[in-house]
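**Student:** please work out how this folds:
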Amino acid sequence: MPCFLSIRELRVLLGLIAWSLALVCRADAPEFRAFWVDAYHPGYRNAAEVSQLVADVRAAHANTIIVEVRRRGDAYYNSSLEPKSPDIASGFDPLADLVAKAHDTDQGPRLEVHAWIVCFPVWDSDTVRPSPEHVYSRHPDWLTRNDQGDTWNYKDFTLDPGHPGVQKFLYDISMDIISRYDVDGFHLDYIRYCNNTFGYNPKAVARFNALTGRAGRPPKLDREWMQFRRDQVTGLVRKIYLNAIALKPLIKISVAGNSYAPGIATLAQWPRGSAYFTTLQDWRAWLEEGMVDLVLPMDYFRAEKNADDWNRWTIFDKDNAGQRGVVIGLAHYLNNLTNALAQMHSARTASPDGNHALGLALYSYGEMATNHFSGVNYFDCLTKTTPYDSDPIFARPVPVPDLPWKIHPTTGHLKGFVHGANGEGLDGAKVTLRGPVARNMTTDATGFYGAVDLPPGKYVVVAAFRGKELPPPAEVTIKAGAVETKNFGH
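**Tutor:** Numbers count the residues shown, from 1 in each chain. Presented below is the predicted three-dimensional model:
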């Protein structure tokens, strides 16, 4: 006897087919599949570890390695600015070897390599006492302090984002790596304050008072003081971004974004969220301005304890990518295998408003490669049907996605310095830009200013310091995909 479907049943069936096809298409679509590879575990201290790392990442059908090349003021590459870590094989350059092997397609698909630096923390209880060449030893005056004058935050000694020497030093480290190594990306971690009680380095407080006309030590939650500290972090990120893409337009600049509990769901909650309020890291604004390419929110939550925080943050991440992109960060060491895989599937789904992340970043390779999951072959669980997952998350290899603002840019950028009579950068100079759009900018502690994502066309740039204009006004022509430079001086 014939079997006929009702209109309603037919619609349901067609909907299920479309949903299934969408999942298949989504699973095969380009996306970032990244492993953070930390320096506290084996992974790249010698050539054999690097070869195994590259083989493992390819076996997992991932496509991006985010490798920690600066842990706590120690270099995992050949640096003239900081001492090399003592656990690296003699004469070995981990970053150069990793780039060569990851880019070599004779053994498998090309992998992207993103150099990861820990920015402000420079010594923790897990690393050996710094050598005389270490920044901690050479510049104790650069350490941040809390409102009680302490430099130890119960985890790290940390450089102060508001100190001019710190800003220049971290910029120099970043550009040294970007200019000398063929990395596909550059990843800024701990690009924030440890919490809002810190930032009281004497030089930083003196700068704040000079810029605001105030005196004394500002209260830790003073609104002006909070914004000053956010601006120190933001200014460094913008400076690195503009100079990096001026040198290598296709390099991907990313940051690790704070997303501590409690989770937030709306933009209205952002001002009281952990990133903006506690660690003074306004990564949502960075995405909106376009001064990073990717934010990797560290949505590190235990599924059994913090499911609501996970859901809120990952929805917020997907819906607030601004002008750029978000890659969801997961910490599998906090979860059993079933829950870890479930979080990966959740991260890949659309938000209720239909927005997706650009991929996943897993923390960390070292945890996964040391049989954290009771001897289970973790990479098999990512790529094959297993009792833990009937729908393998990385069933087939895929390429990283194109970033439209890099491949087909429609805007340009502007950067420069404002110098004093003796050549030093002027802190707090005002720079105005007029043309197709208007921008008002303030120089950082080193005299740098910058504007991101400007419509092409002719502009006039004017610089002033302490109310006095620095002649002459300059004309600049902004071109799509290019970074123009205009410096000013007395």
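**Student:** ok, residue 160 - contacts?
**Tutor:** 120, 142, 143, 144, 145, 166, 198, 199, 201, 203, 204 (CB atoms under 8 Å, 6 or more residues apart in numbering). (Each C-beta comes from the backbone N, C-alpha and C, glycine too.)
**Student:** give me the buried subset of those residues.
**Tutor:** 120, 142, 143, 144, 145, 166, 198, 199, 201, 203, 204 (16 or more other CB atoms under 10 Å).
**Student:** can you put these in a markdown table and add distance to residue 84, pLDDT and secondary structure?
**Tutor:** Shown next, in a markdown table, are the buried ones among the contacts of residue 160 (distance: CB to CB, whole Å; pLDDT from 0 to 100; DSSP: H, G, I helix; E, B strand; the rest coil):
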| residue | distance to residue 84 | pLDDT | secondary structure |
| --- | --- | --- | --- |
| 120 | 20 | 98 | coil |
| 142 | 21 | 98 | helix |
| 143 | 22 | 98 | strand |
| 144 | 25 | 98 | coil |
| 145 | 29 | 98 | coil |
| 166 | 21 | 98 | helix |
| 198 | 29 | 98 | strand |
| 199 | 30 | 98 | coil |
| 201 | 27 | 98 | coil |
| 203 | 29 | 98 | helix |
| 204 | 30 | 98 | helix |
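**Student:** which parts of the host helix or strand of residue 338 are buried?
**Tutor:** Assigned by DSSP states H and E, residue 338 belongs to helix 337-348. For helix 337-348, the neighbour count (16+ other CB under 10 Å) marks 337, 339, 340, 341, 342, 343, 344, 346, 347, 348 as buried.
**Student:** report the separation between the fifth one and residue 396.
**Tutor:** Note on residue 342: its distance to residue 396, by CB to CB, to the nearest Å, is 20 Å.
**Student:** next one: the third one
**Tutor:** Going from residue 340 to residue 396 by CB to CB gives 20 Å.
**Student:** could you do the fourth one as well?
**Tutor:** Residue 341 sits 17 Å away from residue 396, taking CB to CB as the criterion.
**Student:** mind listing what's buried in the helix or strand where residue 179 lies?
**Tutor:** Remark: residue 179 resides in helix 164-180, with elements defined by DSSP H and E. Judged by neighbour count (16+ other CB under 10 Å), helix 164-180 contains these buried residues: 164-171, 173-178.
**Student:** and what of stretch 459-476?
**Tutor:** 459, 461, 462, 463, 464, 465, 470, 476.
**Student:** returning to what we had before: out of the buried ones among the contacts of residue 160, flag the one nearest to residue 310.
**Tutor:** residue 120 (26.8 Å; CB to CB).
**Student:** tell me if I'm right that the closest one and residue 144 touch.
**Tutor:** Yes: Residue 120 lies in contact with residue 144 (CB atoms under 8 Å); the separation is 7.4 Å.
**Student:** overlap in contacts of those two?
**Tutor:** Overlap of the contact sets of residue 120 and residue 144 (by CB under 8 Å, 6+ apart) consists of 158, 159, 160, 161, 193, 194.
**Student:** and the second one, how far from residue 355?
**Tutor:** Spatial separation of residue 159 from residue 355 under the definition CB to CB is 36 Å.
**Student:** where does the protein have its least confident helix or strand?
**Tutor:** Here the helix or strand of the chain ranked lowest by mean pLDDT, DSSP states H and E is helix 7-28, holding a mean of 44.
**Student:** starting from that helix, tell me the next helix or strand along the chain.
**Tutor:** strand 32-37.
**Student:** list the helices and strands that following strand packs on?
**Tutor:** strand 64-70, strand 359-363, helix 365-368 (3 or more CB pairs under 8 Å, 6 or more residues apart in numbering; DSSP states H and E).
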